[in-house]
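S.K.: Below are the sequence and a predicted model for it; my questions follow.
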Amino acid sequence: MSKEMLRALDAIEEEKGVDKKIVIDALEKSLVAAYKRHYGQADNVEVVFNQKTGDFKVYQVKTVSDIVFDSQLEISLQDALALNPHYEINDKIKFEQTPKDFGRIAAQTAKQVIMQTVREEERTIIYNEYSQYENDIMTGTVERKDNKFVFVNLGKIEAVMSKADQIKNETYSPHQRLKVFVYRVNKTAKGSQISVSRTHPDLLKRLFEQEVPEIYDGVVEIMSVAREAGDRSKVAVRSHEENIDPVGTVVGPKGARVQAVVNELSGENMDIVEYSADPVEYISNALNPAEVLAVYFEKENTRQATIIVRDDQLSLAIGKRGQNARLAARLTGFKIDIKPEQEEDEFLKGYDARVEAYEKAQAQKSETVVEGSEDEVVSDVVMDISDVVADEVVAQDVVSDEVISDEIIEEINEDAGIADTDYSAE
């Protein structure tokens, strides 16, 4: 068995990539349990594998002690010194206890332990390998599909792509190669589970990183992506160098760079717009190809904007089934309402009134806050007075005008720190 064991461990390490030291450790622990089960020994047992001969040996470990309470666990100092004059108290001494038929026990245990250890290590290796690709792009091959999922072979593991992650106008055939975005890698008892997507907005980012060196290097940055997968997307970009045009850089010579991404995504249309810290300019760019005449922001909700466009560009700004406006809103993070130029005057009447009402309300709110400090003091005094009066009424069990008399008022004034106050009018 010794030679067969050594050959098996070498083959596992070479073919499976599993370190044989890990398998040996698992074998030693399992053989300790098997030995205890078969021979009923105490817990001070060790099994050691000889990597040169391939043999297993069993050792009983005893502690050197002044007084021996359990001969299975301890050895006296006198007996220890007889073995070696250098032994001291609390030293550990190993005594070989390998049974004659232990090779048979080892053979029975080894097969099961090796298989289980190899499976667990393979899962760990695969997880460690693919977890580094989470939130990144990979190229895979379609293996098969059913009503819910498309299964994509990524090399050593099969990933799943749900209905929501599939582009509606794409068909997936066996052996078809495609790029997917890895957005989740989970480690489970059954192995690693990888979820991939063709609709995720970050797939666009990774594709542009591959096609545009300036994005990969960080000279041009993708600020936001709004996507309706398979149909149309908007990508906002900005440059960190003044002499580089971010839109032109991403589009590429004769549109070559953006066209490569379009081809990869089955003809999905791309609008590349320039990001701006100025929300007016940013929204105007996002509504491309429509020309924006004016942008008005609601005072009560600064993330809501009304856009004015030329009458003949209203449908262009809104887009087919509202797509252009919808994507622009997602890209910028603003709620967008688009109106034609002919309705601007009417809109401004209501807009100016809302602005005036808002500013008036803000002014009243500020005045209330300023006055509130004095009101709170008066309110506290009144509450104190009310509490005292209530206590007096309960104490006398009388409810009449005479209760709130001059004497009580004077007492209240003294307690509240108020002098010469005339409450008779009240």
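M.R.: Nice, I can see it. Nothing here was measured: the structure is a model prediction, and the numbers come from that model.
S.K.: So the closest residue to residue 155 other than its chain neighbours versus residue 154, what's the distance?
M.R.: Among residues not flanking residue 155 along the chain, residue 140 sits closest, at 7.9 Å (CB to CB, 6 or more residues apart in numbering). C-beta coordinates here come from the backbone N, C-alpha and C atoms, glycine included. To residue 154, residue 140 is 5 Å away according to CB to CB, to the nearest Å.
S.K.: partner strands of the strand or helix carrying residue 238, parallel or antiparallel?
M.R.: If you go by DSSP states H and E, residue 238 is part of strand 232-239. Here strand 232-239 is paired, per DSSP bridges, with strand 220-228 (antiparallel), strand 269-274 (parallel).
S.K.: For the protein, which segments count as helices?
M.R.: 2-15, 20-39, 77-83, 102-131, 201-211, 213-217, 246-251, 256-264, 279-286, 314-318, 323-332, 344-396, 406-416 (DSSP state H).
S.K.: Show me what the third one packs onto, helices and strands only.
M.R.: In other words, helix 77-83. Under the contact criterion of 3 or more CB pairs under 8 Å, 6 or more residues apart in numbering; DSSP states H and E, helix 77-83 touches strand 56-65.
S.K.: same deal with the fourth one?
M.R.: Applying 3+ CB pairs under 8 Å, 6+ apart, one finds that helix 102-131 makes contact with helix 2-15, helix 20-39, strand 56-65, strand 177-188, strand 191-197.
S.K.: what angle do the third one and helix 20-39 make?
M.R.: Using axes from the mean of the first three to the mean of the last three CA atoms, to 10 degrees, one finds that strand 56-65 and helix 20-39 are set 70 degrees apart in direction.
S.K.: Show me how this structure divides into domains.
M.R.: 2-129, 132-197, 206-275 (automatic domain parsing).
S.K.: List the single closest residue to residue 59 in space, sequence neighbours excluded.
M.R.: residue 94 (4.1 Å).
S.K.: does that neighbour really touch residue 60, like I thought?
M.R.: Yes: counting by CB atoms under 8 Å, residue 60 is a contact partner of residue 94 at 7.2 Å.
S.K.: list residues touching both of the two?
M.R.: With CB atoms under 8 Å, 6 or more residues apart in numbering applied, the contact sets of residue 94 and residue 60 do not overlap.
S.K.: Specify the stretch among the domains of the chain that is closest to residue 290.
M.R.: domain 206-275 (11.2 Å; CB to CB).
S.K.: Give me the distance between the two termini of the closest one.
M.R.: 19 Å (CA to CA, to the nearest Å).
S.K.: what's the model's confidence in that domain, averaged?
M.R.: Domain 206-275 shows a mean pLDDT of 94.
S.K.: What of stretch 362-375?
M.R.: 63.
S.K.: again, but for stretch 191-198
M.R.: pLDDT averaged over stretch 191-198 gives 92.
S.K.: Surely residue 295 touches residue 285?
M.R.: No: here residue 295 does not reach residue 285: they are 11.3 Å apart, not a contact under CB under 8 Å.
S.K.: and the two? which has more neighbours close in?
M.R.: residue 285 (22 against 19; other CB atoms under 10 Å).
S.K.: Which residues are in contact with that one?
M.R.: Applying CB under 8 Å, 6+ apart, the residues near residue 285 are 236, 273-276.
S.K.: Take those residues and write them to a markdown table, including neighbour count and distance to residue 355.
M.R.: Putting those into a markdown table (neighbours: other CB atoms under 10 Å; distance: CB to CB, whole Å) gives the following:
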| residue | neighbour count | distance to residue 355 |
| --- | --- | --- |
| 236 | 24 | 29 |
| 273 | 23 | 29 |
| 274 | 19 | 29 |
| 275 | 21 | 28 |
| 276 | 17 | 24 |
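S.K.: what about the spatially closest residue to residue 136 that is not a sequence neighbour, neighbour count?
M.R.: Distances taken as CB to CB, 6+ apart put residue 182 closest to residue 136, at 5.9 Å, once the chain neighbours are dropped. Using other CB under 10 Å, residue 182 is surrounded by 26 other residues.
S.K.: Okay, and the beta partners of residue 182?
M.R.: residue 136, residue 196.
S.K.: Would you agree it is in contact with residue 194?
M.R.: Yes: under the criterion of CB under 8 Å, residue 182 makes contact with residue 194 at 6.2 Å.
S.K.: picking that back up, export the contacts of residue 285 as a markdown table, with columns for distance to residue 55.
M.R.: A markdown table is the format used below for the contacts of residue 285 (distance: CB to CB, whole Å):
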| residue | distance to residue 55 |
| --- | --- |
| 236 | 68 |
| 273 | 72 |
| 274 | 73 |
| 275 | 70 |
| 276 | 75 |
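S.K.: Where does pLDDT dip in this protein?
M.R.: Along the chain, segments meeting pLDDT under 70 span 1-3, 37-43, 101, 103, 300-301, 368-426.
S.K.: Residue 193: how many residues sit nearby?
M.R.: The burial count for residue 193: 15, using other CB under 10 Å.
S.K.: Excluding sequence neighbours, find me the nearest residue to it.
M.R.: With CB to CB, 6+ apart, the residue lying closest to residue 193 is residue 186, at 4.6 Å.
S.K.: my read: that neighbour touches residue 192, true?
M.R.: Yes: with contact defined as CB under 8 Å, residue 186 counts as touching residue 192 (6.9 Å).
S.K.: Many thanks, I have nothing further to ask.
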